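Trainee: model the structure of this input:
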Amino acid sequence: MARLNLILIGIFVFMFATAGVYAYIGYSGNQAFSVHYMTEQKWSDSSCGGCHIGIYQEVELSSHVEQDLRKWTSLIEYGVDVDDIDYDRMIVTYGQVHPGGGHMADHGVDIDCMICHEQVGGYDFQARAEKIASGDFAYANEAAIAEQREKLQKSPLYVASYMLDVVTPLPVVMEVHDHIMGSSNRGLCASSCHASDASTTAVTWAIEDHGSYDVHAGLDCQDCHEVKEHNIGGIKTLFASGSGHMEHEAGVKDCTSSGCHEGISHGGMADAHLSFMSCESCHIPALPGSDITGTPVIRQFSWANGVREDIIYDSQFSPTLGWSAGVYHDRLPTAQERGNDSLLKPFNIITGIWWDAGIDDDVLANPNSSSSIGNPIAPADVVLADADGDGVVTEEEMRSYDGNLDGVADHPNAVLRHVEMYYQVSHNIAGSGRGLADPLECADCHGVSASETLQNVHFEDDSRDCSDCHSVVPVIDWKALGYDRDLAETDPPTDFTSVRIDVTKPGERPAEIEREPALKGIISNLLGGK
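Mentor: Now for the predicted structure:
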């Protein structure tokens, strides 16, 4: 036994000494650590691969590196199908928010781990973006830390971590390392890449006061968006194929997942709704407009005259409930019918207006309801089609336009499409004490069944524009969801404003009966109940 103890002690001493030697000297002599502390800004198999075995190859295949512009998103940004966008223009525009590698590697922009993992605020996203925008791809990643490198190396935390290297085993040093180069967080995701999501889904995560509008403001993205092999879970993409949108197993946690809101109940009637609707359907009752997000929140975009024109939400508005089983990558995100896997979810509906060549039969027959991307006409051609120069392109002008002067109209079947595109919203979750409005209750959806008059307005020939009666449009349109009546209709009608939705939590203490202190009761009895 004594001999075994000596052997074990010898092993521990050897491990301790080896770790100390390996981690000794600091950034000037330890390339593995110098990369973490942003002095090299590039991957090296010799310095990184020893600890992060196979990670580079894993990241290369991840959805963030293999990302591309969704075809229907390009309609907002460029007014055309992404396949028709000039490649060089797409590289300098989209490359600014790309982590490197993939198609960016062809231009000398390697995978930049720091763009997601830097922790001390020394990474200059703007400097990197400007280099890519100017075409200086080779220096883009380096530019992100050029000004901060010396400052970071002299920071107390940085210096202390290397002083500890002399006497501390590597596993302990890594605890310090993680404060400088650690897991990605909401601030990095929002500030570097996803701040622009506010324009379509009105998220507030990029503003300082985010906590006032979302009960989950204190969480990091990966707390809900599961990560597997550097793939970060998101909205389910239907019929995705090809390297641009890889299928992976990472998903998004349900609200009732373990460690979240497991076991919480709103009562049998309300809980039964969860079989066909998501929690956020009621917990995103309102969305902030441009006045709060600081970014124009789009209500409508139009390329009708060859130049993008937007109508935005200036102030608070309601999302719209619609059926969803996921998002189609190669089709427009139009309204879906209820299916076996679909749930009601909240959306910001953005009306898109653009000219299409009318080649696709479905687009030609149903220009405003078809989910086909079709054949959008380039905005430059739309501008040239304005024969009288009045700034308004008519159908006659578009159909008679002969750009190549061959005597034959380029787009004889051109149609101006007006498509309602559904952008799913999942953030700005409201609770009882936080959010733009209180979560929805029964009457917010079922108030329509409170009287015969309301039933006629919503379902019969008396149909009218919602704004005739509502200053804020209700979240639910029963007719649009495929119903000819409110499913909660009763005879006589129920006043749903009196029906409340409560919440019970597992392990919650029951209501207690208030009792007088024991001593006070005894004294009262001695005094004859006085």
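Trainee: the strands in the stretch 351-500 of the chain, which residues?
Mentor: Remark: strands assigned in the stretch 351-500 of the chain by DSSP state E, counting those that start in this stretch are 415-424.
Trainee: show me where pLDDT drops low in the stretch 51-200 of the chain?
Mentor: The stretch 51-200 of the chain contains residues with pLDDT under 70 at 119-120, 151-183, 185-186.
Trainee: same check, this time on the chain
Mentor: Applying pLDDT under 70 to the chain flags the ranges 1-42, 46-47, 50, 119-120, 151-183, 185-186, 238-250, 450-473, 507-530.
Trainee: now stretch 211-225: buried residues?
Mentor: Applying a neighbour-count criterion of 16 or more other Cβ atoms under 10 Å, one finds 213-217, 221-222, 224-225 buried in stretch 211-225. In this view, the C-beta of every residue, glycine as well, is placed from N, C-alpha and C.
Trainee: of those residues, which pair is most distant in space?
Mentor: Between any two of the buried residues of stretch 211-225, the greatest separation by Cβ to Cβ is 20.7 Å, found for 213 and 222.
Trainee: SS state for residue 188?
Mentor: Look at residue 188: counting by DSSP: H, G, I helix; E, B strand; the rest coil, its state is helix.
Trainee: from residue 500, how far off is it?
Mentor: Distance of residue 188 to residue 500, computed by Cβ to Cβ, to the nearest Å: 41 Å.
Trainee: which of the two has more neighbours?
Mentor: residue 188 (22 against 9; other Cβ atoms under 10 Å).
Trainee: what sits against the closest residue to the more buried one other than its chain neighbours?
Mentor: Nearest residue to residue 188 in three dimensions, chain neighbours excluded: residue 116, at 5.9 Å (Cβ to Cβ, 6 or more residues apart in numbering). Going by Cβ atoms under 8 Å, 6 or more residues apart in numbering, residue 116 touches 64, 99, 184, 188-189, 192.
Trainee: can you tell me which of those lies nearest to residue 75?
Mentor: residue 64 (22.6 Å).
Trainee: neighbours of the closest one, just the number please.
Mentor: When neighbours are counted by other Cβ under 10 Å, residue 64 comes out with 19.
Trainee: contacting residues around it?
Mentor: Shown in contact with residue 64 (Cβ under 8 Å, 6+ apart): 99, 116, 230, 232.
Trainee: can you put those in TSV and add secondary structure?
Mentor: Formatted as TSV, those follow (three-state DSSP):
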residue	secondary structure
99	coil
116	helix
230	coil
232	strand
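Trainee: from the residues you listed, pick the one nearest residue 85.
Mentor: Nearest to residue 85 among the contacts of residue 64, with distances taken as Cβ to Cβ, is residue 99, at 20.5 Å.
Trainee: how far out from the middle of the chain is stretch 112-124?
Mentor: 20 Å (Cα atoms, centre = their mean, to the nearest Å).
Trainee: typo on my end, it should be stretch 79-99
Mentor: In terms of Cα atoms, centre = their mean, the centre of stretch 79-99 is set 20 Å apart from its chain centre.
Trainee: once you drop chain neighbours, what's closest to residue 502?
Mentor: In space, residue 502 is closest to residue 267, 6.4 Å off (Cβ to Cβ, 6+ apart).
Trainee: okay, now that neighbour: neighbour count?
Mentor: Residue 267 has 12 neighbouring residues, counting by other Cβ under 10 Å.
Trainee: from the buried residues of stretch 211-225, pick the one nearest residue 136.
Mentor: Nearest member of the buried residues of stretch 211-225 to residue 136, counting by Cβ to Cβ, is residue 221, at 30.0 Å.
Trainee: against residue 79, how distant is the closest one?
Mentor: For residue 221, the distance to residue 79 equals 31 Å [Cβ to Cβ].
Trainee: one more: residue 338?
Mentor: Relative to residue 79, residue 338 is positioned 32 Å away (Cβ to Cβ).
Trainee: and what of residue 190?
Mentor: 27 Å.
Trainee: good, wrapping up.
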